[in-house]
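[1] any chance you could fold what I've pasted below:
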Amino acid sequence: MILSASRRTDIPAHYADWFLNRLRAGYVLARNPMNHAQVREIALSPEKIDCVVFWTKDPVPLLDYLSDIDAMGYTYYFQFTLTPYSKTLEHHLRDKSEIAETFIRLGKHIGRNRLVWRYDPIILNHDISIDYHIKHFMAYCEKLHPYTDEIVISFVDCYPKLRTNLIRAVTEEEILALGSRLSQIAGQFGLPVNACCESLDLLSTCGIGQASCIDKTRIEALCGHSIAAAGDKNQRADCRCVQSVDIGAYNTCQNGCVYCYANYSESSVAANCRRHDPQGEFLISYNPI
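    Numbering: from 1, shown residues only. Model prediction:
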């Protein structure tokens, strides 16, 4: 089984203590996000878990626990998002120069084959231009390339619940223009660029492949054996991930990103966080909002 921790919330940044407590307990309870009355008990022993995939924008709270996770015998890798946006778009994240140093610290500890750099979502607006992305992407590549072996990009989706003029749709012309430049820059540093859930053919136009964020090939290489994992039909149509079990909950991420698909509002996040018990079997002890 592949454990996803988590597409729905940033467990490394905000729930590291809880996650370690669940590993030590050997199980976790998770609710079906579409039916909160449906509860699943998930065994968390290293014998049951082929790999843990961490999704995060700032894993510093988890770093001191990695030696414990290693000692328990778990295999894992990180999907680490690092973009050049300010607190206007990402209200509660630390300064990005500090997070970049955390990326480097993590890469030195676990190795570049266990650290995927996500430059996503790509946003364009009146303050953030194609040239802005090119400038910052180049600087990040120079700094981060020794510590990762893949870059995953995506372009922002304008979900109906987004209530901000800071986000607009990115045109196909802009996708192709920026994609080509990002691919060229990454190529200078020997890094492949793959796109997450992108329907456009970016391989022939930009040299950008299709990402498999929960990646069967990577997981088999890390854990040293083949795994029985089919494509994940619960994801979007263009997703190439294999099946995993996610233990997160919606409306619990405290990063404060205005483009987030996993949170309805900051008030719902605050209410759910008050229900969090680091010793609890669930991420949120009662039915989440």
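[2] from Met72, how far out is Ala24?
    Just to correct that, residue 24 is Arg rather than Ala. 8 Å (CB to CB, to the nearest Å). Any C-beta I mention is one placed from the backbone N, CA and C, and that applies to glycine too.
[3] neighbour count: those two, which is higher?
    When neighbours are counted by other CB atoms under 10 Å, Arg24 and Met72 differ, and Met72 comes out ahead with 14 against 10.
[4] kindly state the pLDDT recorded for the more buried one?
    We have a pLDDT of 98 for Met72.
[5] dihedrals phi and psi, the nearest residue to Ala229 once chain neighbours are set aside?
    Excluding the flanking residues, the one nearest Ala229 by CB to CB, 6 or more residues apart in numbering is Val242, at 3.8 Å. Main-chain torsions, Val242, degrees, to the nearest 10: phi -90, psi 170.
[6] which strand residues bridge Val242?
    For Val242, the beta-bridge partners are Gly231 (DSSP bridges).
[7] isn't it right up against Asn234?
    No - the criterion here is CB atoms under 8 Å, and Val242 misses it with Asn234 at 11.4 Å.
[8] about what we covered before: for the residue nearest to Ala229, give me its contacts.
    Ile2, Ser212, Ile214, Asp215, Lys216, Ile219, Ala229, Ala230, Gly231, Asp232 (CB atoms under 8 Å, 6 or more residues apart in numbering).
[9] okay, buried residues for stretch 263-280 please.
    Asn263, Val269, Asn272, Arg275, His276, Gly280 (16 or more other CB atoms under 10 Å).
[10] so the first one, which state does it fall into?
    Three-state assignment for Asn263 (DSSP: H, G, I helix; E, B strand; the rest coil): coil.
[11] what's the pLDDT at Leu222?
    For Leu222, pLDDT reads 98.
[12] distance check, it against Thr56.
    For Leu222, the distance to Thr56 - CB to CB - is 18 Å.
[13] which one's more surrounded, the two?
    Ranked by neighbour count (other CB under 10 Å), Leu222 and Thr56 place Thr56 first, with 27 against 16.
[14] could you verify my assumption that that one touches Tyr15?
    No - if you go by CB under 8 Å, Thr56 and Tyr15 don't touch, sitting 10.6 Å apart.
[15] just give me the residue closest to the centre of the chain.
    A centroid search over the chain (CA atoms, centre = their mean) returns Trp55, at 3.2 Å, as the residue closest to the centre.
[16] and that residue, how far from Ser6?
    Distance from Trp55 to Ser6, by CB to CB: 6 Å.
[17] now Ile69
    16 Å.
[18] list the buried ones in stretch 116-135?
    Buried-residue list, stretch 116-135, by 16+ other CB under 10 Å: 116-125, 128, 133-134.
[19] which ones among those residues map onto strands?
    Val116, Trp117, Arg118, Tyr119, Asp120, Pro121, Ile122 (DSSP state E).
[20] what's the closest of those to Glu98?
    Minimum distance to Glu98 across these is 16.2 Å, recorded for Trp117 (CB to CB).
[21] so what pLDDT did that closest one get?
    Value for Trp117, per-residue pLDDT: 99.
[22] one more: the one 4 residues further on?
    In the predicted model, Pro121 carries a pLDDT score of 97.
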